[in-house]
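Asker: Fold the stuff below for me.
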Amino acid sequence: MSTGIKGTKDSRFLCSDCTTVFSSRGLRAHHALKAGHMKEHTCFDCQSIFDSPNALKRHKTLHKTLPPATSMSASNTPEVQPHFSTKHWRESDNPELALRSRPGHNYTWASPALSGEVVHALLVAELLTLRRRGLEGFPTTATMIPGPARPSLTIAAADNRPLPLPRPDPTGARKTYSALVVDCEMVELADRVVDLVRVTVVDFFTGAIVVNNLVQPTASVKDWRSRVSGVDGAILHAAHRDPEATVLQGWPEARARIFAVADADTVFVGHALPNDLKILRIAADRVVDSLVVTAHAVFGVVGSGSGSFPRTWGLKSGCKALLGVDVQPRAAAHDPLEDALATRELVIWCLTHPDALREWGIAARAEFDKAEEARRRKQIAEAEERRRKRQEEEAKAEAEAEAEAQAAGSVW
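Answerer: Purely as a prediction, here's the structure:
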């Protein structure tokens, strides 16, 4: 792997993110790729690392002038959305085959399989810290992570379980995934308790469907939330009678399915991920939330206090703004498979387009500040109008009282 780094006089190489000094370019490159450091110095087309962003910019001009290594036949290439670009992240030796190996679903905008340690390193670099997980309300076990309490629909925290520790498997029978995308749909039981009714799990690196099932709630349903969940009693009953359908028996079986293919090293990816992990009672430490990734691009690291972002972008608005892809049609219920694939796509884009993400964040922040200023001015104007009306009413009342007093005096 070429690092694109010219040797220095003392052959010592500094990581610009953690200030660790390495004795060779190869050691620094290995460290940067594994830790997700020096992203602004890395060319994702050829996995080269440079000493400065300017050197990287000059290098990128080569990719614009050199012919592509492989030409793809239009007849063999599925139609994709304009945002789709394999060159930023895929290292396949056979692009045509990689494009044709897309999983069997109808979402043509979903990217094909990812490969290489670069994307994994970029994903790991976005893992939420302990404090951030607390602020976002991620589920935990006995030891509470810092963060505000969020009273809402109840979920029994006592049932939370951590991921199993990695263990050697000489037989190779147990397959665990490096990263999984999770999306769930919920219903409401009695006493404002929420329960699981649909779950989808997708392999982040291939887009392959790992779990995609209806789930039998653990108690009587008060509100199916069919407009969002797409499920009601009749649909679930029909699924139970369908020999080709598999209905999981409550969140415990759904969690068991996930625990069978994941361990403590697995990265869990989602949009508003705490909601999904809470309903599954999974206390994961390695998490990436596209809701946080996009909000962080706009507002940066949130300071003290509650630590909450002034605004967040939903999956629908985030995909529209960054990918140009429409998901979650207004008249249709949510499809957790669509949501999981859209989350995967959004995270891939954010990881592999740092410059474009930064530009969008700057523009979105300017738009937010403009809207906030307009809101502040409107509030001031409304407060001034209320004050003016109050003064007019008080002046009118005083004038009426004075007139009454004068009238009373003239009678005497």
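Asker: Going by C-alpha atoms from here, please, whenever you check contacts or count neighbours.
Answerer: Noted.
Asker: just the helices in this protein please.
Answerer: For the chain, the helices defined by DSSP state H cover 25-35, 53-65, 95-100, 117-125, 130-136, 226-229, 233-241, 250-259, 273-280, 290-299, 315-322, 336-352, 354-411.
Asker: hey, which helix or strand in this structure has the poorest pLDDT?
Answerer: helix 95-100 (a mean of 49; mean pLDDT, DSSP states H and E).
Asker: Check the gap between Pro310 and Val21 for me.
Answerer: 38 Å (Cα to Cα, to the nearest Å).
Asker: Which of the two has more residues huddled nearby?
Answerer: More crowded of Pro310 and Val21, by other Cα atoms under 10 Å: Val21, with 13 against 10.
Asker: Return the residues in contact with the nearest residue to the more buried one once chain neighbours are set aside.
Answerer: Once flanking residues are discounted, Val21 sits nearest to Leu14: 4.3 Å by Cα to Cα, 6 or more residues apart in numbering. With contacts defined as Cα atoms under 8 Å, 6 or more residues apart in numbering, the neighbours of Leu14 are Thr20, Val21, Phe22, Arg28.
Asker: so which of those residues is the most crowded?
Answerer: Arg28 (22 neighbours).
Asker: That residue is in contact with Phe13, isn't it?
Answerer: Yes - counting by Cα atoms under 8 Å, Arg28 does reach Phe13; the two are 6.5 Å apart.
Asker: shared neighbours of those two, anything?
Answerer: Any residue near both Arg28 and Phe13 by Cα under 8 Å, 6+ apart counts here, and that gives Val21, Phe22.
Asker: spatially speaking, which residue is in the middle of the chain?
Answerer: Taking Cα atoms, centre = their mean as the criterion, Ser290 is the residue nearest the geometric centre of the chain, at 1.5 Å.
Asker: Return the distance of that residue relative to Val267.
Answerer: Taken as Cα to Cα, the span from Ser290 to Val267 is 13 Å.
Asker: does the residue nearest to the centre of the chain really touch Phe268, like I thought?
Answerer: No - contact between Ser290 and Phe268 fails when scored by Cα under 8 Å: they sit 11.0 Å apart.
Asker: what bits of the protein have low per-residue confidence?
Answerer: 1-12, 33-36, 44-48, 58, 60-106, 115-116, 142-158, 172-173, 302-306, 410-412 (pLDDT under 70).
Asker: May I see the helices of the chain arranged in JSON lines, with distance to Ala110 as well?
Answerer: Output for the helices of the chain, formatted as JSON lines (distance: least, Cα to Cα, whole Å):
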{"stretch": "helix 25-35", "distance to Ala110": "25"}
{"stretch": "helix 53-65", "distance to Ala110": "25"}
{"stretch": "helix 95-100", "distance to Ala110": "10"}
{"stretch": "helix 117-125", "distance to Ala110": "16"}
{"stretch": "helix 130-136", "distance to Ala110": "27"}
{"stretch": "helix 226-229", "distance to Ala110": "22"}
{"stretch": "helix 233-241", "distance to Ala110": "27"}
{"stretch": "helix 250-259", "distance to Ala110": "22"}
{"stretch": "helix 273-280", "distance to Ala110": "20"}
{"stretch": "helix 290-299", "distance to Ala110": "16"}
{"stretch": "helix 315-322", "distance to Ala110": "12"}
{"stretch": "helix 336-352", "distance to Ala110": "6"}
{"stretch": "helix 354-411", "distance to Ala110": "19"}
